[in-house]
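**Q** one predicted model, sequence on top.
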Amino acid sequence: MIVAFRCPHCLQSLTEQAAEFDCRAGHHFDRAKEGYVNLLPGGRLKSRPAGDDESMVRARRRVFDAGMYDPVISAVAELVARSPVTNVVDAGCGEGSYLAAVTTRSGATGWGIDISKPAVRLASRRHCTHRYAIASSYALPFVDNSFEALINVFSPRDFAEMLRVLAPGGRAVVATPGPRHLAQLKALIYDDPRQHLDRSDSNTDSNADASVGEPTPQEVSSVQFELSLGDQDLRLSLLEMTPFWWSTTPERREVIAATPLVVDIDIQLSVYRKPNGSALHPVL
C-alpha cells in the first residue's frame with residue numbers, strides 16, 4: 001500500500017520532493033527544515049485554536065521522557081501490533097511519543113498529524129523517520145483507504161474521517177480519559193470536580209446511530225495505575241500538559257507545586273475495525 005499526503009485544496013495526492021510537496025494541479029507546500037509540511041489551508045485553521053502551545057508540548061515531552069505514562073503508551077502500541085501493519089497514522093500526534101512506540105512495536109511506517117505547529121516541529125526533530133504534517137483531524141490529509149491502523153490519543157476525532165482513511169479491515173485505537181483520571185489533581189483545581197465523561201466531538205447525541213456518530217465498541221480495555229508525584233517539576237509538567245492548566249488559578253498552581261501527590265491514571269482504550277461496509281464497527 002502506497003501512502004501519500006493529499007493536497008488540502010484539490011484533494012489530489014502530493015508528490016514529495018527534496019524541499020517541497022506538490023500536486024498535479026500546481027499547488028506547492030514547502031517542507032520545513034525539520035522535515036514536516038504544513039497542510040492547513042492558508043497555513044492555519046480558521047475559527048479553531050492552534051492546538052497546544054510550546055510550553056504545553058514540552059511539558060508533555062518531560063512527562064513522557066520520565067516514563068510516567070509508559071503503561072499507557074505500551075498498551076496503545078500493543079493493540080496496534082496485534083496484526084500486521086504496514087502504515088499507521090496518529091491523528092493528533094502531539095510530540096510523537098505514542099507514534100514512536102507504535103512503530104517500534106509494529107515495524108510500521110509512521111505518519112502523524114496535529115494542528116499544533118510546536119508539537120509537529122518537536123516530533124519531527126526527534127522522530128525523523130516518521131512523516132509529519134500540520135493538519136486537522138477533521139480533514140485528514142490522506143487519500144482514502146490509506147492505513148491499516150490509526151491511533152487517536154486524547155485528541156479531537158471525527159469518525160467519518162477515521163473511516164475514510166482506514167483501509168478495509170483497518171483498526172482504530174482510541175484512548176480517552178476514564179472517570180477517575182487525575183482525580184486527585186482535579187480536586188486541587190476545582191471546588192466541585194466532576195468525573196470525566198468522554199464523548200466524541202462528532203457525536204452530540206448519545207443515542208445517535210453508529211453510522212453517523214460514534215459507534216459503541218465491543219472491545220474496551222482500561223489502563224489504571226497510581227502515579228506518585230513527589231518531584232515538583234514533574235508535578236507541574238503533568239498539570240501543564242493538560243487542559244486543566246488554563247483553569248488553574250495562580251494561587252492553586254502554588255498549592256499544587258507545594259503538594260506531593262499520588263494521582264490515579266485511568267485511561268480507556270477502544271478498538272474499532274473498518275469492515276467492507278460503510279461504517280466503523282467494533283472489533284469482533
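**A** Thanks, I have the structure now. Numbering: from 1, shown residues only.
**Q** contacts and neighbour counts: CA atoms only from here.
**A** Fine.
**Q** enumerate every residue touching Ser155.
**A** Ser155 makes contact with 91-92, according to CA atoms under 8 Å, 6 or more residues apart in numbering.
**Q** how near is it to Pro177?
**A** Going from Ser155 to Pro177 by CA to CA, to the nearest Å gives 11 Å.
**Q** before we move on, what about Ala119?
**A** On the measure of CA to CA, Ala119 and Pro177 end up 21 Å apart.
**Q** so which of the two has more stuff around it?
**A** Neighbour count, other CA atoms under 10 Å: between Ala119 and Pro177, Ala119 has more, with 27 against 20.
**Q** assign the more buried one to helix, strand or coil.
**A** Counting by DSSP: H, G, I helix; E, B strand; the rest coil, the backbone at Ala119 sits in helix.
**Q** output the below-cut-off pLDDT ranges for the stretch 1-150 of the chain.
**A** Applying pLDDT under 70 to the stretch 1-150 of the chain flags residues 1, 43-50.
**Q** quick one: the strands in it?
**A** 15-16, 20-22, 28-30, 37-38, 87-91, 109-114, 131-134, 147-153 (DSSP state E, counting those that start in this stretch).
**Q** counting contacts, what elements does the third one pack onto?
**A** Think strand 28-30. Packing partners of strand 28-30 (3 or more CA pairs under 8 Å, 6 or more residues apart in numbering; DSSP states H and E): strand 20-22, strand 37-38.
**Q** can you list contacts of the shortest one?
**A** Under the criterion CA under 8 Å, 6+ apart, residues 21, 29-31, 132-135 lie in contact with strand 37-38.
**Q** rerun at 7 Å
**A** Residues from elsewhere that reach strand 37-38, judged by CA atoms under 7 Å, 6 or more residues apart in numbering: 29-31, 132-135.
**Q** show me the shaky parts of the stretch 151-284 of the chain.
**A** In the stretch 151-284 of the chain (pLDDT under 70), the answer is 193-213, 218, 277-284.
**Q** show me where it has its helices.
**A** Taking DSSP state H, counting those that start in this stretch as the test, the helices found in the stretch 151-284 of the chain are 159-165, 183-189, 232-240, 244-247, 250-257.
**Q** out of those helices, which comes closest to Ile265?
**A** With CA to CA as the measure, helix 183-189 is the member of the helices of the stretch 151-284 of the chain nearest Ile265 (8.4 Å).
**Q** for Ala75, find the nearest of the strands of the stretch 1-150 of the chain.
**A** strand 147-153 (11.7 Å).
**Q** tell me what that closest one is packed against?
**A** If contacts are counted by 3 or more CA pairs under 7 Å, 6 or more residues apart in numbering; DSSP states H and E, strand 147-153 sits against strand 87-91, strand 166-177.
**Q** return the residues in contact with the most centrally placed residue in the chain.
**A** The residue lying closest to the centre of the chain (CA atoms, centre = their mean) is Gly92, at 3.1 Å. By CA under 7 Å, 6+ apart, the contact set of Gly92 is 113-114, 137, 152-153, 155.
**Q** hang on, the earlier thing: export the helices of the stretch 151-284 of the chain as JSON lines, with columns for distance to Val80 and mean neighbour count.
**A** As requested, the helices of the stretch 151-284 of the chain are exported to JSON lines (distance: least, CA to CA, whole Å; neighbours: other CA atoms under 10 Å):
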{"stretch": "helix 159-165", "distance to Val80": "15", "mean neighbour count": "22"}
{"stretch": "helix 183-189", "distance to Val80": "28", "mean neighbour count": "17"}
{"stretch": "helix 232-240", "distance to Val80": "26", "mean neighbour count": "19"}
{"stretch": "helix 244-247", "distance to Val80": "29", "mean neighbour count": "13"}
{"stretch": "helix 250-257", "distance to Val80": "36", "mean neighbour count": "14"}
